[in-house]
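Engineer: With the sequence up front, the predicted model follows.
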Amino acid sequence: MFNSETLLMMQDQPYFSKIDKISDREEQGTFYFQNETGYGKIEVYRILPGFELHYNDINMSYMDEGLFYGCDDKDNDIIEINHCSRGRYECDSGTRSTCYISPGDLSISPMFKPKIASGFPLNHYYGVAVYINAKKIPNELKSLFKILTIDLSKLYSIICSEKHHIIVRANESIQHIFSELYSLREKRKLGYMRVKTLELLLFLSDFCDDDLKCEERYFDLIRVHKIKEIRDFMVSDISKHYTIEELSKKFEIAPTSMKKCFKGVYGTSIYAYLRTYRLQSAQEMLMNSSASVSEIAVRVGYSNPNKFMAAFKQEYGITPMRFRKSVCEDRIMSE
């Protein structure tokens, strides 16, 4: 995504709705922004000289990063490490292919690599990003790295030699490092961030060149666009049902290729995605309309209300009627 210097450079752009400025001497700042697809918030912490830690809370379908990366920011000495906690993160690297970061994964890349846009297929992404600027790391900190056997130079050489993002898939070590960053107490937040960043550097320093080679899970951009067209077509009227064969014929894509690419983009199968989408839509209708449960069932593609109620309870642990009642009770209590 982008570090605080880039964010401050772009603060006059219309997609920034509010910015709590962060000066060179401040340790924390918050950036709010929006576009036609939604809104986002980035909390910035300057944890050590040359190190920033960001909490990215994005509720939009895409972010045009070509607008954010000015010439001054294409710096060979800045690397970006993203950890996905929730949602999915799509990065179009400008090479006619795109990769996807799932919950628990790490994405590592130098900021000078071309980055056209970041997409969020599920319209939501929450995660932590660490930015390292080698030019700003003082000698005292470099001496500490040496004592801790953190080889930052080797790490830089591996990361900057890759043509794509380096993706490290979810594992116990990554979970151990990042899980505590999402539930820090305010009193010692910066201290824990510093410790966890050093732990992350130790973890990455343990990798050899082969360990950090990019795991190839890239999808052709033209095919990805077609998959998104298929998704948009299906959710435009969720009362209707389509077979894999019907979709394959309509969009002129082989069934196997369609299923594989859809799961790569959205992280689940076509039918599982639609089931979740239907039930989420039903939730919205139960909260914001007076339609009966039977009417809502038909609107979201269930011809049998009993099957709808069973699916809803399996997903949310509560019946549709009980869910609607609890929403009404909560609204009364809040008035």
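Structural biologist: The structure has been received and is ready for your questions. Numbers count the residues shown, from 1 in each chain.

Engineer: how close does the closest residue to residue 169 other than its chain neighbours sit to residue 285?
Structural biologist: Nearest non-adjacent residue to residue 169, counting by CB to CB, 6 or more residues apart in numbering: residue 105, 5.5 Å away. Heads up, the C-betas are built off the backbone N, CA and C, glycines and all. Distance of residue 105 to residue 285, given as CB to CB, to the nearest Å: 34 Å.

Engineer: When those two are compared, which one has more neighbours?
Structural biologist: residue 105 (22 against 19; other CB atoms under 10 Å).

Engineer: I am assuming residue 90 contacts residue 119, so please confirm or correct that.
Structural biologist: Yes: the criterion here is CB atoms under 8 Å, and residue 90 meets it with residue 119 at 3.6 Å.

Engineer: Quickly note the distance from the nearest residue to residue 128 once chain neighbours are set aside to residue 49.
Structural biologist: Sequence neighbours aside, residue 83 is the residue nearest to residue 128 in space, at 4.8 Å (criterion: CB to CB, 6+ apart). Counting by CB to CB, the gap between residue 83 and residue 49 amounts to 22 Å.

Engineer: where exactly do the strands run in the stretch 1-150 of the chain?
Structural biologist: With DSSP state E, counting those that start in this stretch, the ranges of strands along the stretch 1-150 of the chain come out as 16-20, 28-35, 38-48, 51-59, 62-63, 78-87, 89-92, 97-101, 106-110, 117-119, 125-133.

Engineer: could those be laid out in a markdown table, adding mean neighbour count?
Structural biologist: A markdown table is the format used below for the strands of the stretch 1-150 of the chain (neighbours: other CB atoms under 10 Å):
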| stretch | mean neighbour count |
| --- | --- |
| strand 16-20 | 13 |
| strand 28-35 | 18 |
| strand 38-48 | 19 |
| strand 51-59 | 21 |
| strand 62-63 | 20 |
| strand 78-87 | 21 |
| strand 89-92 | 22 |
| strand 97-101 | 22 |
| strand 106-110 | 22 |
| strand 117-119 | 20 |
| strand 125-133 | 22 |
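
Engineer: so which of those strands comes closest to residue 330?
Structural biologist: strand 51-59 (21.7 Å; CB to CB).

Engineer: Pull out the CA atoms of the closest one and give them to me as CSV.
Structural biologist: Presented in CSV, the C-alpha positions along strand 51-59 are these (Å, rounded to 0.1, in the frame of the first residue of the first chain):
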residue,chain,number,x,y,z
PHE,A,51,10.4,1.6,10.6
GLU,A,52,6.7,2.2,10.4
LEU,A,53,3.8,-0.1,11.4
HIS,A,54,0.4,0.4,9.9
TYR,A,55,-3.1,-1.0,10.6
ASN,A,56,-5.0,-1.0,7.3
ASP,A,57,-8.8,-1.2,7.6
ILE,A,58,-10.1,-1.1,4.0
ASN,A,59,-13.8,-1.3,3.1
